[in-house]
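Engineer: Coordinates only, no sequence provided:
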């Protein structure tokens, strides 16, 4: 499904807000001006940096339940579009001052409908829940750290494990948008470090984005990754460290590691032949349990994002 979005271009008094590539256009960041109030029934809003919060909030209120309730609860979003499978980009923490920024990229079957409740109503599968768990872990590990976590449903993941899931078309579109997002983050917060986390098919998105990422992206993390569009770390052509977590009971292990005639995603990141740094998976159950409180994976990923990856690699 192709998503379309409307961009509002507008001046900020005394400053400039950059359009976060959120993925909708796959083009370089555009400049934004202060938006007018969103009209009732606004179907889509593409957000920019923190100046986008009010206009996105207006659009979510106009869309009604449950989205209006998310905003009324004090949650902040950079983008929202209820059309089709939908999109949403939620921010936890103060993005305007963050020195450590983490972006979560979800995998197949993720839609706006499941963004908050999780696929099948299972909370641990919800991007919003996973982002909250990681943010809480970061704050617990270092209360003084200035961190922000983005739950980034900024692309259209494949539906199910059919042909779309073994092809890279969705991932390539997502990768272009993810690259634009990181460029915007780096431009507005040049001193911050950025960690990207790809779950399942989201690992393919992160891998395909790798060659074009700005230097501020220091770590690429895959959890239950199906592949990164490459057979080894060197093929990613990135200076970022690459980490992988794959639990023994994760069904992703049964997926064939092939890449032929446009099908497949290469060697799984957790395969020793790929060359990624290994993350612990104690306490992880199944394919969706990596960012659950109390697991070794969640603790290790938080340390990586806080710049303490040496503790994990030891």
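Structural biologist: Noted; the coordinates are in hand. From a predicted model like this one, the values you see are computed outputs, not experimental measurements.

Engineer: Tell me the buried residues in stretch 182-200?
Structural biologist: 182-186, 188-189, 192-200 (16 or more other C-beta atoms under 10 Å). Every C-beta, even on glycine, is put in place using the N, C-alpha and C of the backbone.

Engineer: Among the residues you listed, pick out the one closest to residue 211, please.
Structural biologist: Taking C-beta to C-beta as the measure, residue 182 is the one of the buried residues of stretch 182-200 closest to residue 211, at 12.2 Å.

Engineer: how about residue 151, phi and psi?
Structural biologist: Dihedral angles phi and psi of residue 151 (degrees, to the nearest 10) take the values phi -90, psi 100.

Engineer: Quick check: it touching residue 88?
Structural biologist: Yes. With contact defined as C-beta atoms under 8 Å, residue 151 counts as touching residue 88 (7.4 Å).

Engineer: wait, residue 196 sits on residue 218?
Structural biologist: No. Taking C-beta under 8 Å as the contact criterion, residue 196 and residue 218 are not neighbours in contact, 9.6 Å apart.

Engineer: which of the buried residues of stretch 182-200 sit farthest apart?
Structural biologist: Distances among the buried residues of stretch 182-200 were taken as C-beta to C-beta; the most separated pair is 188 and 200, at 29.1 Å.

Engineer: Just the pLDDT at residue 14, thanks.
Structural biologist: According to the prediction, residue 14 has pLDDT 26.

Engineer: low-confidence ranges in the stretch 51-200 of the chain?
Structural biologist: 160-167 (pLDDT under 70).

Engineer: one more time with 90, if that's ok
Structural biologist: Scanning the stretch 51-200 of the chain for pLDDT under 90 picks out the ranges 51-52, 55, 108-109, 119-122, 158-170.

Engineer: All the strands of it, in order from the start?
Structural biologist: In the stretch 51-200 of the chain, strands defined by DSSP state E, counting those that start in this stretch lie at 76-81, 87-93, 100-105, 147-153, 193-199, listed in chain order.

Engineer: Could you check the angle the second one makes with strand 76-81?
Structural biologist: Meaning strand 87-93. 180 degrees (axes from the mean of the first three to the mean of the last three C-alpha atoms, to 10 degrees).

Engineer: for the fourth one, same thing?
Structural biologist: Using the same axes, to 10 degrees, the direction of strand 147-153 lies 10 degrees away from that of strand 76-81.

Engineer: can you list contacts of strand 147-153?
Structural biologist: The set of residues external to strand 147-153 that reach it, using C-beta atoms under 8 Å, 6 or more residues apart in numbering, is 22-23, 78, 86-95, 98-106, 110-112, 115, 127-128, 130-131, 134-135, 138-139, 178, 181, 305-306.

Engineer: Identify the contacts common to residue 151 and residue 88.
Structural biologist: Counting by C-beta under 8 Å, 6+ apart, the shared contacts of residue 151 and residue 88 are residue 115.

Engineer: returning to that earlier point: adding distance to residue 269, write the strands of the stretch 51-200 of the chain out as JSON lines.
Structural biologist: JSON lines is the format used below for the strands of the stretch 51-200 of the chain (distance: least, C-beta to C-beta, whole Å):
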{"stretch": "strand 76-81", "distance to residue 269": "27"}
{"stretch": "strand 87-93", "distance to residue 269": "24"}
{"stretch": "strand 100-105", "distance to residue 269": "13"}
{"stretch": "strand 147-153", "distance to residue 269": "19"}
{"stretch": "strand 193-199", "distance to residue 269": "9"}
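
Engineer: Which one of those strands lies nearest to residue 122?
Structural biologist: When these are compared for distance to residue 122 using C-beta to C-beta, the nearest one is strand 193-199, at 13.8 Å.

Engineer: tell me which strands and helices the following helix or strand past the closest one is in contact with?
Structural biologist: Elements were assigned by DSSP states H and E; along the chain past strand 193-199, the next helix or strand is helix 202-209. Helix 202-209 sits against strand 100-105, helix 169-188, strand 193-199, strand 217-223, with contacts defined as 3 or more C-beta pairs under 8 Å, 6 or more residues apart in numbering; DSSP states H and E.

Engineer: Between strand 217-223 and helix 202-209, find me the angle.
Structural biologist: Relative orientation of helix 202-209 and strand 217-223, computed by the same axes, to 10 degrees: 150 degrees.
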